[in-house]
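Just the structure for this:
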Amino acid sequence: MPVSYAPPPFTTQHWQVTKPTARGARGIVASQSRAAAEAGVAVLEAGGNAADAAVATAFALASMEPWNSGLGGIGFAVVHKAGSPGAELVDFGPVAPAASNPADYPLTGKTKQDLFAWPEVEGDRNIHGPLSFAIPSSVAGYATLAERFGSGLPLAELLGPAIALARRGLPQDWYTTLKVANSAKVLKLYPESARIYLPEGLPPVAPYQGAPGFFTQGRLPETLERLRDAGWRDFYEGEIAASIAADVKAMGGRLSAQDLRDCQARIRPALAIPWRGGLTLQGAGGLTAAPTLARVVGEMAKFDAPAAPDAAWFSALARTMRNAYAERLEGLGAASTPPEPSETCTTHLTVVDAAGNMVAMTTTLLSSMGSRVVLPGTGVLMNNGMMWFDPAPGSANAIRPGARPLCNMCPVTVSDGTGPVMALGASGGRRILASVYQMLAFSLDFGMDPAAAAHHPRIDVSGPDGATADRRLPADVLAALEAQGRLSVVEHAVLPVNFACPNLIRKEAEGFAGISDVMTPWSAAIAAH
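This is a model prediction of the structure:
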């Protein structure tokens, strides 16, 4: 009898990957970098609270996860104090420089399929290089978080782990070298970036055997030490600010010394979003994904939740998400374009301390390795936040001096009316929203513990047309989704990155439980002892 064989769909991973749950009563830090999470735990164990630990973790990420966040980035943090029904937001989101000029971004007449399906700009000036910089507000955000919500630990204590990690350097393991290789085509265009990350002009390769070496990230260690000694405002008004402004001016960028001086984080009440069962979400609001999350939560509340997520539930979610994205993108020039590819080029960290204070913070450089420009005077890798704007003049999201663009970050806490019971968020561009909602529903509606929620296959809807589904979902779920329209059935793998990367921490009867993203190799949730 002749052999009958048809090649199956190709998959890149033939293993079952799991992540452990961290449990403890003295606090937990969940991060996409275990080393950064350990930095936060060290601060908890030294007497710091959740805000202190979040700041220490975020500063550590500047050297441990440079493709996702750092001193040149932006972000949002939801801070939920124990015993308080509501939360507050530290907003250090993207703002265009005051001298931003739409004429700097002439269009080619084509459409660019990068992270966003915007009109293409000559030379990709909005995607990389000095004209892609938005005002770097992360340091202002971290400092405001520590000053307004921290326990009073000095900045030197919060920066200590980050300085130690920066002095040691970034490990040149397979994951780092893969991330660098993905950006190498553009990194090579900028001398300091190429000097640091492309020795001999090529991406480094992890050793076949033995231990990897380390990247020395330019003057980043000295800049962190300067912040420790001179205070965080030095980044905006002192020697660091002067160096940043001089480097940007020499490169032909629009970011100015005055932009840095004017940079401040804002504090406002979080957006309250009712959830069934008397729970309330606390979100970032404004131009983040939180208002669209509120729309999805409201619509899904009309759907009677089954005992477990089934074909009808996933179908209802996909339909609701498509409608919500059509509404979100209306008037922004993106509703008629296909969903953009989405890398994990943001980071999310979640923290709880022994008292039950919770912080959910999402920070980003936008693209992987941001603008790909390392400033030689400071070692700061700059964001490319100008890519959040539609470069076509006249849209609601057009480039304007001092404007704030629509962005996708969605840090969230959950309140039972007496205080926070859960905190979570994700990285992954437009894929963040679907991930956050499903993690909430898995946990709150379906009663899954953190491990079950993190390991459950998900769908993604990142725009008004079509959906993406994890190939591990049951056949009837996939069939129901396909019946709705265009469906991509994909593998949930390290690379390609087809889903967002969430982490969460939840209050339990005794203590707390936390878990990090399953498919992020470096991620971990660590409990304080």
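
wait, what's in contact with N68?
With contact set as Cβ atoms under 8 Å, 6 or more residues apart in numbering, N68 has these partners: Q32, L61, T344, C345, T346, T347, T363, T364, L365, S368, S427. Glycine gets a C-beta too; all of them are placed from N, C-alpha and C.

so how far is S69 from the second one?
Looking back up the chat, that one is L61. Separation of L61 from S69 (Cβ to Cβ, to the nearest Å) stands at 5 Å.

More neighbours: those two, which one.
S69 (32 against 29; other Cβ atoms under 10 Å).

That one contacts S138, correct?
Yes. Counting by Cβ atoms under 8 Å, S69 does reach S138; the two are 7.1 Å apart.

okay, and the common contacts of those two?
A58, G75, T363.

Counting neighbours, what do you get for the first one?
The burial count assigned to A58 is 32, neighbours taken as other Cβ under 10 Å.

helix/strand/coil for the residue lying closest to F92 once chain neighbours are set aside?
Spatially, and ignoring its direct neighbours in sequence, F92 is nearest to G141 (2.9 Å; Cβ to Cβ, 6 or more residues apart in numbering). Under DSSP: H, G, I helix; E, B strand; the rest coil, G141 falls in the helix class.

quick one: contacts for G141?
By Cβ under 8 Å, 6+ apart, the contact list for G141 reads I74, G75, F76, A77, V90, D91, F92, A265, T363.

can we see that at 6 Å?
G75, V90, F92, A265 (Cβ atoms under 6 Å, 6 or more residues apart in numbering).

how much space between the last one and A140?
Taking Cβ to Cβ as the measure, A265 falls 5 Å from A140.

Number of residues surrounding the closest residue to E65 other than its chain neighbours?
Nearest residue to E65, sequence neighbours excluded (Cβ to Cβ, 6+ apart): S33, at 4.9 Å. For S33, the tally of surrounding residues (other Cβ under 10 Å) stands at 24.

per-residue confidence for G333?
If you check G333, the pLDDT there is 40.

Over to A326?
The model's pLDDT for A326 equals 88.

now V373
So V373 comes in at 98 (pLDDT).

So it is in contact with M382, correct?
Yes. Contact criterion Cβ atoms under 6 Å: V373 and M382 qualify, at 5.1 Å.

ok, the two, which is more surrounded?
Using other Cβ under 10 Å as the criterion, V373 and M382 rank with M382 on top: 33 against 29.

Let me know how buried the residue nearest to the more buried one when sequence neighbours are not counted is, in neighbour terms.
Among residues not flanking M382 along the chain, G72 sits closest, at 4.0 Å (Cβ to Cβ, 6+ apart). As a burial measure, G72 scores 29 neighbours (other Cβ under 10 Å).

now swap in R233 and tell me
Here the count is done by other Cβ under 10 Å, and R233 has 17 residues near it.

coming back round to it: what sits in contact with each of A265 and A140?
Counting by Cβ under 6 Å, 6+ apart, the residues touching both A265 and A140 are F92.

what's the neighbour count on the nearest residue to S132 once chain neighbours are set aside?
Among residues not flanking S132 along the chain, N384 sits closest, at 3.8 Å (Cβ to Cβ, 6+ apart). Neighbour count of N384, defined by other Cβ under 10 Å: 31.

Same check on A181?
For A181, the count of nearby residues is 16 (other Cβ under 10 Å).

Report the secondary structure element holding it.
In the assignment (DSSP states H and E), A181 maps to helix 174-187.

List of residues touching the following helix or strand past that helix?
Toward the C-terminus, helix 174-187 is succeeded by helix 191-197 as the next helix or strand (DSSP H and E). With contacts defined as Cβ under 6 Å, 6+ apart, helix 191-197 is touched by V180, L187, K188, Q217, G218, R372, V374, P376.

any weak-confidence spans in the stretch 151-300 of the chain?
By pLDDT under 70, the stretch 151-300 of the chain has no low-scoring segment.

in it, which spans are strands?
Along the stretch 151-300 of the chain, counting by DSSP state E, counting those that start in this stretch, strands occupy 170-171, 214-215, 266-269, 271-275, 279-283.

can you check the stretch 301-450 of the chain too?
346-353, 358-364, 412-415, 420-427.

Distance to A6 added to these, as a markdown table?
Converted to a markdown table, these look like this (distance: least, Cβ to Cβ, whole Å):
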| stretch | distance to A6 |
| --- | --- |
| strand 346-353 | 39 |
| strand 358-364 | 42 |
| strand 412-415 | 44 |
| strand 420-427 | 36 |
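
Format those strands as JSON lines; extra columns: mean neighbour count, distance to D304 and mean pLDDT.
Shown next, in JSON lines, are those (neighbours: other Cβ atoms under 10 Å; distance: least, Cβ to Cβ, whole Å; pLDDT from 0 to 100):
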{"stretch": "strand 346-353", "mean neighbour count": "33", "distance to D304": "30", "mean pLDDT": "98"}
{"stretch": "strand 358-364", "mean neighbour count": "32", "distance to D304": "29", "mean pLDDT": "98"}
{"stretch": "strand 412-415", "mean neighbour count": "26", "distance to D304": "21", "mean pLDDT": "98"}
{"stretch": "strand 420-427", "mean neighbour count": "30", "distance to D304": "23", "mean pLDDT": "98"}
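
right, and those strands - which one's nearest R254?
With Cβ to Cβ, the closest approach to R254 among these belongs to strand 358-364: 20.0 Å.

Distance check, the closest residue in space to L131 that isn't next to it in sequence against M386.
Using Cβ to Cβ, 6+ apart and skipping residues adjacent in sequence, the residue nearest L131 is R125, 4.4 Å away. Note on R125: its distance to M386, by Cβ to Cβ, is 8 Å.

More neighbours: which of those two?
When R125 and M386 are compared for neighbours, M386 comes out ahead with 30 against 19, by other Cβ under 10 Å.

I'd like to check which residues are in contact with that one.
M386 makes contacts with N126, S132, A134, as judged by Cβ under 6 Å, 6+ apart.

Give me the pLDDT for P341.
38.

let's number from 8 now, not from 1
Noted, 8 is the first residue going forward, which turns the last one into P348.

how many other residues sit next to V212?
Neighbours of V212 (other Cβ under 10 Å): 11.

just the one 5 residues further on next, same as before
Under the neighbour criterion other Cβ under 10 Å, G217 is assigned a count of 7.

And W181, by the same measure?
14.

can you pick the most crowded of the contacts of M393?
Ranked by neighbours (other Cβ under 10 Å), these are led by A141, which has 32 neighbours.

what sits against the closest residue to that one other than its chain neighbours?
Closest residue in space to A141, ignoring its immediate chain neighbours: G392 at 2.7 Å, by Cβ to Cβ, 6+ apart. By Cβ under 6 Å, 6+ apart, G392 lies in contact with P101, A141, L373.

rerun at 8 Å
I81, P101, A103, S139, F140, A141, I142, L373, P412 are the contacts of G392 under Cβ under 8 Å, 6+ apart.

What of R261?
P104, A106, S107, N108, D111, P137, L138, F140, V255.

again, 6 Å this time
Taking Cβ under 6 Å, 6+ apart, we find R261 in contact with P104, A106, S107.

With distance to T425, neighbour count and secondary structure as added columns, please give the residues you listed in JSON lines.
Below are those laid out as JSON lines (distance: Cβ to Cβ, whole Å; neighbours: other Cβ atoms under 10 Å; DSSP: H, G, I helix; E, B strand; the rest coil):
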{"residue": "P104", "distance to T425": "43", "neighbour count": "23", "secondary structure": "coil"}
{"residue": "A106", "distance to T425": "48", "neighbour count": "14", "secondary structure": "coil"}
{"residue": "S107", "distance to T425": "45", "neighbour count": "23", "secondary structure": "coil"}
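
and those residues as JSON lines, adding pLDDT and distance to M307?
Formatted as JSON lines, the contacts of R261 follow (pLDDT from 0 to 100; distance: Cβ to Cβ, whole Å):
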{"residue": "P104", "pLDDT": "98", "distance to M307": "39"}
{"residue": "A106", "pLDDT": "98", "distance to M307": "44"}
{"residue": "S107", "pLDDT": "97", "distance to M307": "38"}
